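Novice: the sequence and its predicted three-dimensional model are supplied below.
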Amino acid sequence: MSYLASNLRFLRKQKGITQNELAEQLDVQRTMISAYEDGRSEPKLATLKRIGELLEIGIEELLEHDIEKLGRKALQNRGINILTIAADENDNENITLVGQKASAGYLNGFADPEYMEQLPQFHLPNLSKQTTYRAFELAGDSMLPLISGTIVIGAYVDQLRSVKSGRTYILVTQTEGVVYKRVFNYLEENGKLFLVSDNEHYKPYEVRGEDVLEVWEAKAFISTDFPNPGDKKKALSLEDLGEMIRDIQIDLKKLRK
């Protein structure tokens, strides 16, 4: 089964190109584009190659892969981007801090060395020198007990397929900006990631793999606020705390005997 018609329509709309504009670039009538997208006609090989160039996709994927349903095939093996890394005078990597106010600019500047050099940098001991880390300041209360203003330190994930379901990540996406969520990986099934907030008042949502610019796996956080077990909005309730204390008491009694 050929997916040319649906893929052509989907990719054209995704890039914001009208049928008239595509027809002009291919030097064909607009009615031919309509016929291609309806499945009433197929382009000649030379035109097909030109379509692939314009839409930045291989002919095999354009013809044989259901992109709208499964996402771009190449996502499963691609690196997310080439990182811009900050280093000290001894060539040791620093951790760049992306604050709340810098989050919007980060979407356009994360690959720009001049922009990245302007962001605050710091160093933490005992971190792996084989991994690149970045820090992001949280905004909002979607990931309680971590509150707004908490700084989460993430380790760079260079392959989307390496995202492990159920773990927390900082994602930089074209559609949602910089977010910190619990992520479930459905790239194999439908080309998407499912994002869940630890605060039940926020609804889960999906992002397409192709919209992800960077992924950082949460490894540590810095906060001036200690979680309060008595706050019902926190992940740890009084009942949870009581159960933990009872378990500890039972263990202590066993040790004394």
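Specialist: In hand now; what should we look at?
Novice: where do the domain boundaries of this protein fall?
Specialist: Domain segmentation of the chain under automatic domain parsing yields 4-70, 95-222.
Novice: now mean neighbour count, distance to residue 84 and mean pLDDT too, for these, in a markdown table please.
Specialist: Any C-beta I mention is one placed from the backbone N, CA and C, and that applies to glycine too. Below are the domains of the chain laid out as a markdown table (neighbours: other Cβ atoms under 10 Å; distance: least, Cβ to Cβ, whole Å; pLDDT from 0 to 100):
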| stretch | mean neighbour count | distance to residue 84 | mean pLDDT |
| --- | --- | --- | --- |
| domain 4-70 | 15 | 23 | 89 |
| domain 95-222 | 17 | 5 | 89 |
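Novice: what's the closest of those to residue 86?
Specialist: Nearest to residue 86 among these is domain 95-222 (4.9 Å), distances taken as Cβ to Cβ.
Novice: for residue 194, helix, strand, or coil?
Specialist: The three-state label given to residue 194 by DSSP: H, G, I helix; E, B strand; the rest coil is strand.
Novice: any idea what it is bridged to?
Specialist: Beta bridges link residue 194 to residue 184, residue 206, judged by DSSP bridges.
Novice: which stretches in the stretch 1-150 of the chain count as strands?
Specialist: For the stretch 1-150 of the chain, strands defined by DSSP state E, counting those that start in this stretch occupy the ranges 95-98, 121-122, 133-137.
Novice: I'd like those laid out as TSV, including distance to residue 55.
Specialist: Below are the strands of the stretch 1-150 of the chain laid out as TSV (distance: least, Cβ to Cβ, whole Å):
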stretch	distance to residue 55
strand 95-98	32
strand 121-122	39
strand 133-137	32
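Novice: quick check: which of these is nearest to residue 30?
Specialist: Per Cβ to Cβ, nearest to residue 30 of these: strand 95-98, 44.6 Å.
Novice: quick one: strands adjacent to the host helix or strand of residue 154?
Specialist: Using DSSP states H and E, the element containing residue 154 is strand 151-156. Applying DSSP bridges, strand 151-156 is found paired with strand 133-137 (antiparallel), strand 212-222 (antiparallel).
Novice: done for today, thanks.
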